[in-house]
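[1] kindly generate the corresponding structure for this input.
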Amino acid sequence: MDKIDRELLEKVAQLHKVPAGAFNIRKNGQTEARQSTKEIEIVPKEDKSGIDIIVKKGVKNKSVHIPVIITMGGFQDLVYNDFYIGDDCDITIIAGCGIDNKTCKDSQHDGIHTFHVGKNSKVSYIERHYAQGKGDGKKILNPVTKVFMKQNSQMNFESLQIGGVSNTIRKTYATLKDGCVLNIKENILTERKQQAKTYFKVNLLGKNCKCDVVSHSVAKGESVQEFVADVVGQNECFAHVECDGILLDNARIVSTPKIDAKHSQASLVHEAAIGKIAGDQLVKLMSLGLDQNQAEQVIIKGFLEN
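    Residues are numbered from 1 along each chain as shown. This next block holds a predicted model:
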């Protein structure tokens, strides 16, 4: 791998070398490297582009890395990855995509990830998106995440867009059964004329299942962000949806939280707050010797990392 490859992998997967354990590294539509273990098997699909990640029953304290990088202008990539998590597991999955595009042609990656989470299992899923390159060609990332959770399972989903992405449409669908817990945390940064749309559809079918969707976004320049959450409670359950955004320059953020209680014991909450950085925050930091731009960056960094 060259310097750009290593830089992208560090950004989206925090990899500085080939990881231990199971992994699959994809570059420009092809497998760059792959490794399975006795506990976690990675199998290429035969009918379409993508892989099956099979985690055996009872596997705990293991991780899987499946990053994607694109370093070609004008390249269009579509991949289907399916995760089959056995019962009683506890694993971490690190995904994400990095694009380097220095050309005038658009580069795009669409990743469709489907999770089948076994009973009593816990999955931590981290997906980072990043793009770079001074060419006029767009850097486009369209992730789709589908989650099917069996009884008493838990999934912690962290989705981060850390800069450089021209356009993105991010869709997440989830179905929860009895006792399931789904925690989603989304952090998105846009600037210049970038556009980002995120859509969450969560169906709480099971008794005593819980869902927490929190989106933190920063929009700068003339960028536009749209957030849509659609949460349906069909049993005795709890859900919380929150969208918080910081606006700078001439940017826009549109938030549309929707909750639908179809059961008398469903407790659903939504809240949204969008606005400029508070003046007292800037004044406090500038009193410590920072200029306004430095103070804004400190506030933004802390907000997105919260």
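
[2] make sure residue 265 is actually in contact with residue 234.
    No - Residue 265 lies out of contact with residue 234 (CB atoms under 8 Å); the separation is 10.5 Å. To be clear about C-beta, it is placed using only N, CA and C from the backbone, and glycine gets the same treatment.

[3] the two: which is more packed in?
    Neighbours per residue (other CB atoms under 10 Å) separate residue 265 from residue 234, with residue 234 holding more: 17 against 12.

[4] neighbours around the nearest residue to the more buried one once chain neighbours are set aside, how many?
    Distance criterion CB to CB, 6 or more residues apart in numbering; nearest residue to residue 234, sequence neighbours excluded, is residue 262 at 4.8 Å. Residue 262: 11 surrounding residues under other CB under 10 Å.

[5] tell me which residues in stretch 188-205 are buried?
    188-191, 194-205 (16 or more other CB atoms under 10 Å).

[6] now do the residue nearest to residue 234 against residue 110, distance only.
    32 Å (CB to CB, to the nearest Å).

[7] phi, psi for the residue nearest to residue 234 please.
    phi -100, psi 10 (degrees, to the nearest 10).

[8] could you do residue 6 as well?
    Dihedral angles (degrees, to the nearest 10) for residue 6: phi -70, psi -40.

[9] try residue 150
    Phi and psi for residue 150, reported as degrees, to the nearest 10, are phi -90, psi 180.

[10] name the nearest residue to it, sequence neighbours excluded.
    residue 119 (4.7 Å).

[11] just checking, that neighbour touches residue 154?
    No - applying CB under 8 Å as the test, residue 119 and residue 154 come out as separate, 11.1 Å apart.

[12] quick one, strands of the stretch 51-200 of the chain?
    With DSSP state E, counting those that start in this stretch, the ranges of strands along the stretch 51-200 of the chain come out as 60-65, 68-70, 76-85, 90-100, 107-117, 122-132, 139-149, 154-161, 167-176, 181-190, 195-204.

[13] low-confidence stretches in the stretch 201-306 of the chain?
    278-291 (pLDDT under 70).

[14] what about the helices in it?
    For the stretch 201-306 of the chain, the helices defined by DSSP state H, counting those that start in this stretch cover 279-286, 292-305.

[15] any idea how far residue 123 lies from residue 240?
    20 Å.

[16] okay, the strands of the stretch 51-200 of the chain, which one's buried deepest?
    Of all those, strand 68-70 carries the top mean neighbour count, a mean of 26, counting by mean count of other CB atoms under 10 Å.

[17] pLDDT of that one, averaged?
    Per-residue pLDDT values across strand 68-70 average out to 94.

[18] which residues touch the closest residue to residue 175 other than its chain neighbours?
    Spatial nearest neighbour of residue 175, excluding adjacent residues (CB to CB, 6+ apart): residue 203 at 4.9 Å. Contacts for residue 203 were tallied using CB atoms under 8 Å, 6 or more residues apart in numbering; they are 174-176, 232, 234.

[19] can you check residue 212 too?
    By CB under 8 Å, 6+ apart, the residues touching residue 212 are 182-184, 239-240.

[20] Serialize those to TSV and add fields for distance to residue 246.
    TSV is the format used below for the contacts of residue 212 (distance: CB to CB, whole Å):
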residue	distance to residue 246
182	26
183	22
184	19
239	25
240	20
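
[21] out of these, who's nearest residue 49?
    Taking CB to CB as the measure, residue 49 sits nearest to residue 184 out of those, at 26.3 Å.

[22] report pLDDT for the closest one.
    Residue 184 is assigned 96 on the pLDDT scale.

[23] contacts only, for it.
    Neighbouring residues of residue 184 by CB under 8 Å, 6+ apart: 157, 159, 172, 200, 211-214.

[24] next, work out how far apart it and residue 120 are.
    For residue 184 relative to residue 120 (CB to CB), the value is 20 Å.

[25] what does residue 295 give?
    Counting by CB to CB, the gap from residue 295 to residue 120 is 46 Å.

[26] partner residues bridging the nearest residue to residue 53 once chain neighbours are set aside?
    Among residues not flanking residue 53 along the chain, residue 83 sits closest, at 4.8 Å (CB to CB, 6+ apart). Residue 83 has these beta-bridge partners by DSSP bridges: residue 53, residue 115.

[27] what sits against residue 83?
    Residue 83 neighbours (CB under 8 Å, 6+ apart): 52-53, 55, 93, 113-116, 123.

[28] okay, it: pLDDT?
    Reported pLDDT for residue 83: 98.

[29] equivalent analysis for residue 19, please.
    pLDDT, read off for residue 19, is 75.

[30] adjust the sequence numbering to begin at 4 for everything that follows.
    Right, with 4 as the first residue, what we last looked at is residue 22.

[31] measure it to residue 210 for me?
    39 Å.

[32] how about residue 117?
    Look at residue 117 and residue 210: by CB to CB, they are 24 Å apart.
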